[in-house]
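[1] Dropping the sequence and predicted coords here.
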Amino acid sequence: MSYMDYFQNSCRTNTKEDIKVIEGTCSSMCPEAEVILRKKEKLVHVLEVVGDKHKLVKRYARPAADTNLAVAHNLRPFYILKKTVDYLLFEVTKRTDVPILVIYNFVTDRLRAVRQDMIIQELKPNLRIILLEPMIRFHTYFGYLLCEESLNDYSPTLNRNFLLECLKTCLYSYDELDMKITADPLDINILMDNMLICSLENKQQRLDRSLVEAIYVLTNLYDESPMWRLCRLKKSLRNAPAVRLAYRVAIASLHGNYVKVCKLIDKLCPLMFCAVALFLPRIQRAALRVVCAAYGGRAGVPGGALRGWLRLPAARVSRTLQHYGVAGDAGHVRCQRAAFREDAPLLPPSKIEDDHLEQKMNIDYILTYTHLDK
């Protein structure tokens, strides 16, 4: 059972009278018992060694039938969880003494442990949002950053599952806040004040709901469910620039207007681009099939035009055409509908060379910008 399923089931089955909320009392990023055990068994991760000291972070514990995870002294309260998330994302991700995959795997495991503590304690929705939004940014960014890694070392499916788990829990928390606005305006004012205070404790973090909603749409580009969610959002949120742009990309994709999708990609902010970039091989394959059908039997298509339509780098045009059985090169493409290989598997996603985006593809900017930043 996922954290989201556990949380929703708990909300449905428990009433205010029978809910017993557990409040964590652990005052460090790792419970003392785990610190002692891991040092004794020599299970300290290389990223937990800082200089000549150890800085341990609680590991994710897989639920088992004979274990009780709801122990107060092993659970970290919100302010410790926030400190842990900030440490992992703003400090550990900048380490240069280990490979990027080691950093990703370590941070991913420790963030799972944060979500586990968060769900067990059933934190308020505003507090969950503060913890989850940086995780959404992390998994979106690293999903693109590691897209060219070997499947033996990195699982894009697992990263996508973690991202969707964070997204759904975060959006559920936003919906819960929206319901509280209707039910008790005074209560929601208190919650939002707390959110503002908690956000300002670390001036680096900036919350942006419209960006989260947009990432959810683009992460599920060929799914209509996020579109139905957009229809239920408040008008002010639907009209936010990031949400409107994500909607246009999704509609163009569902309508098969691949040229428009590729043009709209140029307008995306870095995180939204990271989400869409993983779908580019699928978009390019579908677009190339349409081009072959439309221009088959004619003189063909100039390579430059095709690169622009499909957002294909010149260095990858020949490989892509050959993979799908289309004759041609970077200069000219000879389209033949019958030659297109329908059975060819999708090419893996790859990084896009874009000087404007490269300037912003750093962890500090990714974790702190909002869709209004230029």
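    Now that the structure is in, tell me what you want to look at.
[2] Output the contacting helices and strands for the helix or strand Phe273 falls within.
    Assigned by DSSP states H and E, Phe273 falls within helix 270-277. Judged by 3 or more CB pairs under 8 Å, 6 or more residues apart in numbering; DSSP states H and E, the packing partners of helix 270-277 are helix 125-145, helix 209-219, helix 241-254, helix 363-368. Where C-beta positions appear, they are placed from N, C-alpha and C, glycine not excepted.
[3] The same query, at a cut-off of 6 Å, please.
    Under the contact definition 3 or more CB pairs under 6 Å, 6 or more residues apart in numbering; DSSP states H and E, helix 270-277 sits against helix 125-145, helix 209-219.
[4] From Cys269, how far off is the nearest residue to Leu271 once chain neighbours are set aside?
    The shortest distance from Leu271 to any non-neighbouring residue, by CB to CB, 6 or more residues apart in numbering, is to Thr140 (5.3 Å). Going from Thr140 to Cys269 by CB to CB, to the nearest Å gives 11 Å.
[5] helices and strands of this protein: which one has the lowest mean pLDDT?
    helix 185-201 (a mean of 45; mean pLDDT, DSSP states H and E).
[6] wait, isn't the residue nearest to Leu271 in contact with Phe273?
    No: using CB atoms under 6 Å, Thr140 makes no contact with Phe273, being 9.7 Å away.
[7] Of all the helix elements in the protein, which one is longest?
    helix 156-183 (DSSP state H).
[8] Return the list of helices and strands in contact with that one.
    Helix 156-183 is packed against helix 3-13, helix 125-145, helix 185-201, with contacts defined by 3+ CB pairs under 6 Å, 6+ apart.
[9] any idea of the mean pLDDT for the first one?
    Taken as a whole, helix 3-13 has a mean pLDDT of 54.
[10] Just the buried positions in the next helix or strand after it, please.
    Going down the chain from helix 3-13, the next helix or strand is helix 32-40, by DSSP H and E. Residues of helix 32-40 classed as buried: 34-35, 38 (neighbour count, 16 or more other CB atoms under 10 Å).
[11] Stretch 315-335 too?
    316-317, 320-321, 323-324, 326, 328, 330, 333-335.
[12] Outside of it itself, list whatever touches it.
    288, 291-292, 295-296, 300-301, 303, 306, 314, 339-341, 344, 347 (CB atoms under 6 Å, 6 or more residues apart in numbering).
[13] CA atoms only: put that stretch into CSV for me.
    Extracted C-alpha coordinates of stretch 315-335, given in CSV (Å, rounded to 0.1, in the frame of the first residue of the first chain):
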residue,chain,number,x,y,z
ALA,A,315,23.4,15.1,-34.4
ARG,A,316,20.5,12.8,-33.8
VAL,A,317,18.5,13.1,-37.0
SER,A,318,20.3,10.3,-38.9
ARG,A,319,20.0,7.9,-35.9
THR,A,320,16.3,8.6,-35.4
LEU,A,321,15.5,8.2,-39.1
GLN,A,322,17.5,5.0,-39.4
HIS,A,323,15.8,3.6,-36.3
TYR,A,324,12.3,4.1,-37.7
GLY,A,325,13.3,3.0,-41.3
VAL,A,326,13.1,6.4,-42.9
ALA,A,327,15.6,7.2,-45.6
GLY,A,328,17.5,10.5,-45.4
ASP,A,329,19.9,12.5,-43.3
ALA,A,330,20.3,15.8,-41.6
GLY,A,331,20.1,17.6,-45.0
HIS,A,332,17.1,15.9,-46.7
VAL,A,333,14.5,13.3,-45.7
ARG,A,334,12.8,11.0,-48.2
CYS,A,335,9.4,10.1,-46.8
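[14] Rounded mean pLDDT for that stretch, please.
    So the average pLDDT for stretch 315-335 ends up being 78.
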